[in-house]
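Participant: Only the shape, not the letters, is given here:
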């Protein structure tokens, strides 16, 4: 089967399974923008997946941009939000276009997919170039505490979608995550899957790279975007970075 067709099916399943996570982040970011007087009018989402995050911003009137490295996800997103601007890229750190934007996001531990830290550094540099001087870069990543010993098999079921997630860690300091979706199409199921590899880097190394890329204000926060008092035993670290 054509890989773009498989990706498209996976995008539909991902949309159903992960939408609430993305919408929650988007809602908190808009609230944060209001409190800090940032007044976001445009957003650029790196590896936007099924555009769960962008769909919320689009509903709120923001001008939306997104990148995706998979053909099926790219096609699915273009159909979902035709008025948004999408770019199909070969590398996650690539950010086509010339527009400066108010908000840049890279969520759902996508950045952990970059196995070489030099690629994290490239991403940070490209974000810095595309961000307005008063803009905000927000991303999240899994910590070493989370990934180093994460082994799990999890099954969830709903009337229209079943999901089997398998996680194995400790393979060359990397973690392999397999998502298998079974989509119910009126009395028959379609199976679609994806396998990703995630790796971790120390939070201080991440902060140093952000500062080197031009960010002067870097905060580690929790899922509610409140400052973390300690990074000990934190599984997912959220980052708010700005140049001012």
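Facilitator: Received it, and whenever you're ready, just let me know what you need. All figures in this text were calculated on a predicted structure; none of them were measured in a lab. Numbers count the residues shown, from 1 in each chain.
Participant: Can you get me a residue count around the closest residue to residue 80 other than its chain neighbours?
Facilitator: Nearest residue to residue 80 in three dimensions, chain neighbours excluded: residue 51, at 5.1 Å (CB to CB, 6 or more residues apart in numbering). Just so you know, the C-beta spots here come from the backbone N, C-alpha and C atoms, and that holds for glycine as well. If you count neighbours by other CB atoms under 10 Å, residue 51 ends up with 28.
Participant: so residue 51 touches residue 65, yeah?
Facilitator: No. The pair residue 51 / residue 65 is not scored as a contact, 10.9 Å apart, by CB atoms under 8 Å.
Participant: quick one: common contacting residues for these two?
Facilitator: Common neighbours of residue 51 and residue 65 are listed as 45, 84 (criterion: CB atoms under 8 Å, 6 or more residues apart in numbering).
Participant: Quick one: residues contacting the most centrally placed residue in the chain.
Facilitator: Centrality entry for the chain: nearest residue to the mean C-alpha point is residue 107, 2.5 Å, by CA atoms, centre = their mean. Going by CB under 8 Å, 6+ apart, residue 107 touches 22, 25, 45, 53, 138, 139, 140.
Participant: One more pass at 10 Å, please.
Facilitator: 18, 21-22, 25-26, 29, 45-49, 52-53, 138-141, 238 (CB atoms under 10 Å, 6 or more residues apart in numbering).
Participant: Could you measure from it over to residue 137?
Facilitator: In this view, residue 107 and residue 137 are 11 Å apart by CB to CB, to the nearest Å.
Participant: Find the residues that touch each one of those two.
Facilitator: residue 46.
Participant: buried ones in the helix ranked longest in the chain?
Facilitator: Taking DSSP state H as the criterion, the chain has its longest helix at helix 3-35. Neighbour counts over helix 3-35 (16 or more other CB atoms under 10 Å) mark 6-19, 22-23, 25-26, 28-30, 32-33 as buried.
Participant: Likewise for stretch 210-221?
Facilitator: Buried residues in stretch 210-221 (16+ other CB under 10 Å): 210, 213, 215, 218, 220, 221.
Participant: Of those, which is the nearest to residue 127?
Facilitator: residue 213 (7.4 Å; CB to CB).
Participant: The closest one and residue 93 touch, don't they?
Facilitator: No. Residue 213 is not in contact with residue 93 according to CB atoms under 10 Å; the separation is 11.5 Å.
Participant: For these two, list the residues in contact with both.
Facilitator: 120, 121, 122, 123, 124, 125, 126, 127.
Participant: in the strand or helix carrying the fourth one, what's buried?
Facilitator: Mapping residue 123 onto the secondary structure by DSSP states H and E places it in helix 117-130. For helix 117-130, the neighbour count (16+ other CB under 10 Å) marks 120, 121, 122, 123, 124, 125, 126, 127, 128, 130 as buried.
Participant: picking that back up, next, the contact list for the residue nearest to residue 80, please.
Facilitator: 11, 15, 19, 22, 45, 57-58, 64, 66, 68, 73-74, 76-81, 84, 86.
Participant: likewise residue 80?
Facilitator: 11, 12, 15, 48, 50, 51, 52, 54, 55, 58, 86.
Participant: so can I have TSV of those residues showing distance to residue 197 and pLDDT?
Facilitator: As requested, these are exported to TSV (distance: CB to CB, whole Å; pLDDT from 0 to 100):
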residue	distance to residue 197	pLDDT
11	20	80
12	23	80
15	23	79
48	20	95
50	20	91
51	23	94
52	22	93
54	25	97
55	27	95
58	31	97
86	25	98
